[in-house]
Structure formats: C-alpha cells, structure tokens
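# Have a look; sequence and predicted model below, questions after that.
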Amino acid sequence: MQNNENENIGEKINDFIKNHRKAIFITLGILLFLFIGLIAYLSISDALNKKAIVAIDELCGRYDDISLTSDEDFYTEDLEYLLADLKTFAEKTKGFAGSKAWSIIGQIYSGRKDWSSAQDAWISAAKTGNNTYLAPISLFNAAAAAEEQGNLEQAIDLLKQCVAHKFEFPAAPRAQFSIGRLYETIGDPAAAVEAYRDVLIKWPDMPVWHNLARSRLAFLEVK
C-alpha cells in the first residue's frame with residue numbers, strides 16, 4: 001500500500017514537471033540570473049569599497065603631512081588643493097570613506113573658525129556615514145560648530161541625535177550634560193533638569209559627568 005502511494009506521488013511530480021517544464025525552466029533561469037547578478041554586485045561593491053579606503057587613506061596622509069609641516073596654518077596652498085580634492089571625493093563617495101573625507105573637511109573649516117562651513121561638513125559626515133561609528137562623533141562636532149555660531153537650539157537637537165544614535169558614542173554622557181548646559185543658557189531650567197537627570201540615570205558609572213550633573217541639579221533645585 002505504501003509503495004503504491006509513493007509511486008502515485010512520483011507520477012504526479014513527473015506529470016507536473018512535464019506539464020509545467022517551460023515555466024520551471026524560466027523560473028530557474030531567472031533565479032540563476034539574479035544569483036549571478038548578486039555575486040557580481042557584491043564583488044564590484046567590495047572592489048569599490050577597497051578602492052575608496054585606499055583613496056581616503058591617501059587623503060588622510062596628505063592632511064597629516066600638511067598638519068605637521070604647516071604649523072597649524074589652515075590657509076596654505078597645499079591645504080587648499082587638499083580641500084578641493086576632499087570635496088570632490090566626499091561628494092561622490094558613500095559610507096565610511098565618504099564620511100571620513102567630510103570629517104577632515106570639517107576639521108579644516110573648524111581650524112579656520114569657519115563654523116558655518118564646518119557644521120555643514122560635519123552634518124554631511126554624519127549622513128554619509130550614518131551606518132558607521134563616525135556618525136555620532138560628527139553630530140557632536142556639528143553641535144559644537146552650531147554653538148559657536150550661537151545656534152543653541154540647533155546645537156541641542158544635534159546633541160540629542162548624537163546621544164540617541166544606534167552606534168555608541170564614548171562621550172555620550174558629556175553630550176547629554178551639554179544638552180542640560182545649553183538648556184540652562186537659553187533659559188529653560190525644567191528641560192535642563194530633565195537632561196541632567198538623564199545623565200544620572202543612564203551613566204551612573206561615569207563619576208565625572210555624574211558629579212557635574214548632580215551639582216547642576218542641586219543648583220537648579222535651590223533656585
């Protein structure tokens with residue numbers, strides 16, 4: 001009885017294949033084509049990423065060489081050429097390499113105290129490298145540039161993005177404390193208290209920022 005059932009199932013499968021062999025072959029062909037396309041895409045993507053890493057390493061080396069020889073002069077001719085090359089590279093490159101390029105641009109503009117351009121560069125670094133650890137660092141630096149311009153509410157928003165980012169930021173308690181400090185500056189003590197309390201709750205094992213936050217809370221509560 002069991003053998004008969006197995007034979008019937010086998011016959012049904014054979015009949016199905018015979019009746020639908022054209023559709024089956026087309027489907028298999030499409031799947032094979034997609035698989036080959038995926039392999040090709042991954043290979044090309046890997047090659048481009050390696051090429052981008054080599055290129056950004058070369059640009060970083062140029063920046064380091066200029067920094068060592070120019071005595072912190074951010075207006076040298078060599079630096080102007082590097083800045084142009086960095087912008088060209090950053091505008092066409094995604095991921096870590098592109099983010100790193102924008103970061104160097106941000107450093108150059110920060111050295112010139114061109115805070116508006118520095119902020120734009122740091123924000124571009126965060127967006128381009130959103131899936132890398134460079135994103136929260138870039139957001140923190142963008143917030144510093146915004147604060148230098150007196151854009152305190154914008155700086156608070158950037159710091160909040162920094163703290164909430166999916167990649168852990170080692171200086172997150174400092175960023176959170178800065179949120180409280182900026183809220184104090186713009187005259188919102190209630191928001192400042194909430195920000196400082198978050199430092200105590202989220203980073204109880206960071207004594208420096210923990211103690212500073214507690215000190216500011218004590219001051220605000222007395223007021």
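All right, it came through fine. Numbering: from 1, shown residues only.
# Could you use CA atoms for every contact and neighbour count after this?
Fine.
# Now do the helices in this structure.
2-19, 21-69, 77-92, 95-111, 115-128, 134-148, 152-164, 172-185, 189-202, 207-222 (DSSP state H).
# got the ones you listed as CSV, with mean neighbour count columns?
As requested, these are exported to CSV (neighbours: other CA atoms under 10 Å):
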stretch, mean neighbour count
helix 2-19, 11
helix 21-69, 13
helix 77-92, 15
helix 95-111, 24
helix 115-128, 24
helix 134-148, 25
helix 152-164, 20
helix 172-185, 22
helix 189-202, 19
helix 207-222, 15
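# quick one: contacts for Ser162?
Careful, residue 162 is Cys; it's not Ser. Ala135, Pro136, Ile137, Leu139, Phe140, Phe169, Ala172, Ala175 (CA atoms under 8 Å, 6 or more residues apart in numbering).
# re earlier: can you put the helices of the chain in TSV and add mean pLDDT?
Supplementary listing: the helices of the chain in TSV, determined by pLDDT from 0 to 100:
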stretch	mean pLDDT
helix 2-19	56
helix 21-69	63
helix 77-92	93
helix 95-111	95
helix 115-128	97
helix 134-148	97
helix 152-164	98
helix 172-185	97
helix 189-202	96
helix 207-222	91
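# For Phe169, list the residues it contacts.
Tyr133, Pro136, Ile137, Cys162, Val163.
# Please disregard the earlier target; I meant Lys92.
Contacts of Lys92 by CA under 8 Å, 6+ apart are Gly98.
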